[in-house]
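**Q** Any chance you can model this:
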Amino acid sequence: EENTIVLSDPQITITVNNSISIPISANLSLIGKDANGDVIESSIVEDVIKIDAADYDQETGQVTSRATNLLISAHPVEKEGYKNMPIANLANLLKQIPNSLDIVLTPIIDTLQTQHINLVQPLSFSGNYAVAIPLQFDEFKFVYSDTISDLKVGLGETLEMFSNVELGLNMNIKNSLPLELKLN
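**A** You can find the predicted model right below:
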């Protein structure tokens, strides 16, 4: 839990296919979970998204499914074919590195507006997503700690035989991350 990264600009793309001839508003929740499947409270990111209505032809009564492409980012970004949805605290989603992410869409019912739909057509919406994590960080903290048990007992007899003894600790560190690390 002590290891953290603050990404400079993570991005998530979500494509939602709507076969209903009404626009859909939904609460979007992005939730990080740890190795035990427990929610990482500081990782929850929420916002409201708007999903375009399917195309409805009044003459034929035909409904043609429509895809809404959303680009969720920490900062405003333009990408052709996508509606940008900046969420300022998006980096919190991955700050404490999660084992898994839940993407939850909860539709919001707008009772103030009357909608007309064709009940003959199947009513559904589906989607997919992609997460782009840049190897560029605003902040990166990796903590490793270790304890040598019974060190005093192991060195006790040796230290009694010598006076003015200096002890040193040698460590070999292998870096498997594609980052230059500074050790404190």
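**Q** so which strand or helix has residue 26?
**A** Using DSSP states H and E, residue 26 maps to strand 24-33.
**Q** mind exporting the next helix or strand after that strand as CSV, just the C-alpha atoms?
**A** Next along the chain after strand 24-33, taking DSSP H and E as the criterion, comes strand 45-51. Output of strand 45-51 as CSV, limited to C-alpha atoms (Å, rounded to 0.1, in the frame of the first residue of the first chain):
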residue,chain,number,x,y,z
VAL,A,45,-13.3,8.0,-9.6
GLU,A,46,-16.8,8.9,-10.6
ASP,A,47,-18.5,11.1,-13.2
VAL,A,48,-21.7,11.2,-15.4
ILE,A,49,-21.5,10.1,-19.1
LYS,A,50,-23.9,10.8,-21.9
ILE,A,51,-24.6,8.0,-24.4
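**Q** Check which residues of stretch 22-33 are buried.
**A** 22-24, 26, 28, 30-32 (16 or more other Cβ atoms under 10 Å). Quick note: C-beta positions are derived from backbone N, CA and C, even for glycine.
**Q** could the residues you listed go into JSON lines alongside pLDDT?
**A** Below are the buried residues of stretch 22-33 laid out as JSON lines (pLDDT from 0 to 100):
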{"residue": "22", "pLDDT": "81"}
{"residue": "23", "pLDDT": "83"}
{"residue": "24", "pLDDT": "83"}
{"residue": "26", "pLDDT": "87"}
{"residue": "28", "pLDDT": "88"}
{"residue": "30", "pLDDT": "89"}
{"residue": "31", "pLDDT": "92"}
{"residue": "32", "pLDDT": "89"}
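**Q** Just put those residues in CSV and tack on distance to residue 127.
**A** Conversion of the buried residues of stretch 22-33 to CSV gives the following (distance: Cβ to Cβ, whole Å):
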residue, distance to residue 127
22, 17
23, 15
24, 11
26, 10
28, 11
30, 14
31, 17
32, 20
